[in-house]
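**Q** give me coordinates for this.
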Amino acid sequence: MDVVEIDGSRIAFRRAGNGPAVVFVHGGAEDGRTWSPQLDALADEFTVIAWDEPGAGGSSDVPAGFGLSDYGDSLARFLRALDVAPCTLVGLSWGVTVILELYRRHPGVVGGLVLADGYAGWRGSLGPDEADARLAGLRNQPEGTFDPTLPGLFAGPPPAEFVPLLEAMSADVRRHSMLTALTAMASADLNDVLGTIAVPTQLIWGALDARSPLSVAHEFERRIPGADLAVIPGCGHVSNLEAPETFNDILRFFLRRHS
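**A** Numbering: from 1, shown residues only. Sure, this is the predicted structure:
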């Protein structure tokens, strides 16, 4: 792992390969390790970078009062610190919300977008009742009991080869940081950002995603000018792990056209 200091905070990241830069933004209760299949596959052709967001993995804890705008600003500073902007950003789930906030505040650092199984915030994509219910469920979980195989993350059982990875990331989840991120997710409505996106955009969705259903994907497709939607059959929410070969093929095709 590498580390960069941003405004006195440590941001950890993984970097491999050479070529056009692609930066991966992980989901909630994860860190950059979740992108291992993508980094391994694409480093032959691209510079692949996966950050650990503030409060995750090897990065510093989130300070008090940290909010969605802070995640977006931190990501922008990270891209500038690594001198890779503008570049393509790839996000999954909560990572899509962070990327949309980044685009709202710092569009010049973005060269292209790959948005997978994500949300314009829970409130924006699922409505206030579902957003509040999800956040309450997370807050009510006892300390140290986060389930990395949360129902709905996969279409079936988690892929056996990635269960150790999921368990390792789960063991490293910091409850305060997770709740900070997902509280921001629950309150966010970034639908107004979608229509402003003016860079090439690829959407990737699992056909059986129960966390962010296909109706959300079709809303993204409708609102984002020129967006292309690829649906992976038989796949749930964590499509990059459940169908890594298909995910990587879609991603590589997009990157070859637009990086």
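**Q** and the next helix or strand past the helix or strand hosting Q38?
**A** Per DSSP states H and E: Q38 is located in helix 36-42. Downstream of helix 36-42, the next assigned helix or strand under DSSP H and E is strand 47-51.
**Q** got the CA coordinates for that following strand in CSV?
**A** Output in CSV follows, covering the C-alpha atoms of strand 47-51 (Å, rounded to 0.1, in the frame of the first residue of the first chain):
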residue,chain,number,x,y,z
THR,A,47,-2.7,2.7,-14.1
VAL,A,48,-5.2,1.4,-11.6
ILE,A,49,-5.6,3.1,-8.3
ALA,A,50,-8.0,2.1,-5.4
TRP,A,51,-8.3,4.4,-2.5
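**Q** and that strand, what other elements does it pack with?
**A** Applying 3 or more CB pairs under 8 Å, 6 or more residues apart in numbering; DSSP states H and E, one finds that strand 47-51 contacts strand 9-16, strand 21-25, helix 36-42. For the C-beta atoms, the positions are set from N, CA and C on the backbone; glycine is no exception.
**Q** give me the contacts around it.
**A** 11-26, 32-35, 38-39, 42, 59, 75, 78, 82, 84 (CB atoms under 8 Å, 6 or more residues apart in numbering).
**Q** again, but for stretch 170-184
**A** 28-29, 31, 53-57, 61-62, 66-68, 71, 94, 97, 134-135, 138-139, 143-144, 146-148.
**Q** now T88: closest residue in space, sequence neighbours ignored.
**A** Among residues not flanking T88 along the chain, G112 sits closest, at 4.0 Å (CB to CB, 6 or more residues apart in numbering).
**Q** the one you found: neighbouring residues, count only.
**A** Look at G112: counted by other CB atoms under 10 Å, it has 20 neighbours.
**Q** go ahead and confirm it touches H258.
**A** Yes - the criterion here is CB atoms under 8 Å, and G112 meets it with H258 at 4.7 Å.
**Q** and for those two, which residues touch both?
**A** By CB under 8 Å, 6+ apart, the residues touching both G112 and H258 are 88, 200.
**Q** just the buried ones from the contacts of strand 47-51?
**A** Buried members of those, counted by 16 or more other CB atoms under 10 Å: 11-15, 17, 20-26, 32-35, 38-39, 42, 59, 75, 78, 82, 84.
**Q** got phi/psi on the residue nearest to T88?
**A** Here is the backbone geometry of G112 (degrees, to the nearest 10): phi -170, psi 160.
**Q** gap between it and T246?
**A** Noted for G112: a distance of 20 Å to T246, by CB to CB, to the nearest Å.
**Q** swap in V90?
**A** Separation of V90 from T246 (CB to CB) stands at 15 Å.
**Q** so between these two, which is more surrounded?
**A** Just comparing V90 and T246: by other CB under 10 Å the higher neighbour count belongs to V90, 30 against 17.
**Q** got the contact list for the more buried one?
**A** If you count contacts by CB under 8 Å, 6+ apart, then V90 has 22-25, 35, 38, 113-114, 116, 251 around it.
**Q** adding pLDDT and distance to L194, write those out as JSON lines.
**A** Putting the contacts of V90 into JSON lines (pLDDT from 0 to 100; distance: CB to CB, whole Å) gives the following:
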{"residue": "V22", "pLDDT": "98", "distance to L194": "22"}
{"residue": "V23", "pLDDT": "99", "distance to L194": "20"}
{"residue": "F24", "pLDDT": "99", "distance to L194": "21"}
{"residue": "V25", "pLDDT": "99", "distance to L194": "17"}
{"residue": "W35", "pLDDT": "98", "distance to L194": "24"}
{"residue": "Q38", "pLDDT": "98", "distance to L194": "24"}
{"residue": "L113", "pLDDT": "98", "distance to L194": "11"}
{"residue": "V114", "pLDDT": "99", "distance to L194": "15"}
{"residue": "A116", "pLDDT": "99", "distance to L194": "15"}
{"residue": "L251", "pLDDT": "98", "distance to L194": "20"}
